[in-house]
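# predicted coordinates and the sequence they were generated for:
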Amino acid sequence: MSIRRFSHLFLLLFLSLSAYAQPYWQKGTRLESVGGSAFVTGTTSNLTNARLTLQANSCSFITPKVAVGLGASTDLSPLTQTYATMGRVHFLASGASDQKFSLLLDAHLGLAYHNNQPVVGESWSTSDMKAGLGAQCTWWVSQSTGIYLWPQLDKTNGGPSGLWEWQLMLPIGVQWNWHKHP
């Protein structure tokens, strides 16, 4: 047997090993998260409400510890629609993509636009802002896929009263990461 017969196997083994040679997040690594929900409520004789919520977030590491990102979401129902955007700065406090857990701290600022259309009368629109802090705790199922819990504490005027108040959100989701060469 010659080594030539195994050259393809060695090349494949080398490429497989080099793909995991840099498991840590580095400049150019991107994190993406998507989420959504839909529900319909009603009685036995008719439909009373329907709602669709979609969100997407993306961030890119500009250094091995700091990432910047943007997010967008929409919340649609028959009489109200909300469109929101969020800017974030993340700091990798602990962990890496080759470990089981990681912690990303973030500061964020967001804007939202709401359009309300009553059954009778004129429609009206409102907008609000929020600023806050978050901590994304991720359990990595594999090097590229993680399940996260992302508590976020915001100061916002987006509540029912329109006055500035504190708001706590606890989203749970799935996240993918990959390295994009600059």
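Structure's in. What do you need? Residues are numbered from 1 along each chain as shown.

# pull the helix or strand with minimum mean pLDDT from the protein.
helix 7-19 (a mean of 43; mean pLDDT, DSSP states H and E).

# tell me which helix or strand comes right after it.
Sequence order places strand 29-42 as the next helix or strand after helix 7-19, per DSSP states H and E.

# sheet partners, orientation included, of the helix or strand just after that next one?
Toward the C-terminus, strand 29-42 is succeeded by strand 47-61 as the next helix or strand (DSSP H and E). Paired with strand 47-61 in the same sheet, following DSSP bridges, are strand 29-42 (antiparallel), strand 66-76 (antiparallel).

# where among the ones you listed is average confidence lowest?
Of all the strands paired with strand 47-61, the minimum mean pLDDT falls on strand 29-42 (a mean of 79).

# so, low pLDDT: which residues of this structure?
Residues of the chain that meet the criterion pLDDT under 70 lie in 1-26, 96-98, 177-182.

# run the last query once more with 50
Applying pLDDT under 50 to the chain flags residues 1-3, 6, 8-23, 180-182.

# which one of the strands paired with strand 47-61 is the most hemmed in?
Ranked by mean neighbour count, the strands paired with strand 47-61 are led by strand 66-76 with a mean of 16 (mean count of other Cβ atoms under 10 Å). Any C-beta I mention is one placed from the backbone N, CA and C, and that applies to glycine too.

# can you name the element that comes right after that strand?
Strand 66-76 is succeeded, C-terminally, by strand 80-94 (DSSP H and E).

# export that following strand to PDB, keeping only CA atoms.
This file holds the C-alpha atoms of strand 80-94, laid out as PDB (Å, rounded to 0.1, in the frame of the first residue of the first chain):
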ATOM      1  CA  THR A  80     -52.500  47.300  16.300                       C
ATOM      2  CA  GLN A  81     -49.100  47.000  14.700                       C
ATOM      3  CA  THR A  82     -45.800  47.700  16.300                       C
ATOM      4  CA  TYR A  83     -42.400  48.000  14.600                       C
ATOM      5  CA  ALA A  84     -39.300  48.300  16.700                       C
ATOM      6  CA  THR A  85     -35.500  48.500  16.300                       C
ATOM      7  CA  MET A  86     -32.700  48.000  18.900                       C
ATOM      8  CA  GLY A  87     -29.000  48.900  18.900                       C
ATOM      9  CA  ARG A  88     -26.700  46.900  21.200                       C
ATOM     10  CA  VAL A  89     -23.100  46.900  22.400                       C
ATOM     11  CA  HIS A  90     -22.000  43.500  23.900                       C
ATOM     12  CA  PHE A  91     -19.100  42.600  26.100                       C
ATOM     13  CA  LEU A  92     -18.000  38.900  26.500                       C
ATOM     14  CA  ALA A  93     -17.700  38.600  30.300                       C
ATOM     15  CA  SER A  94     -16.900  34.900  30.400                       C
END
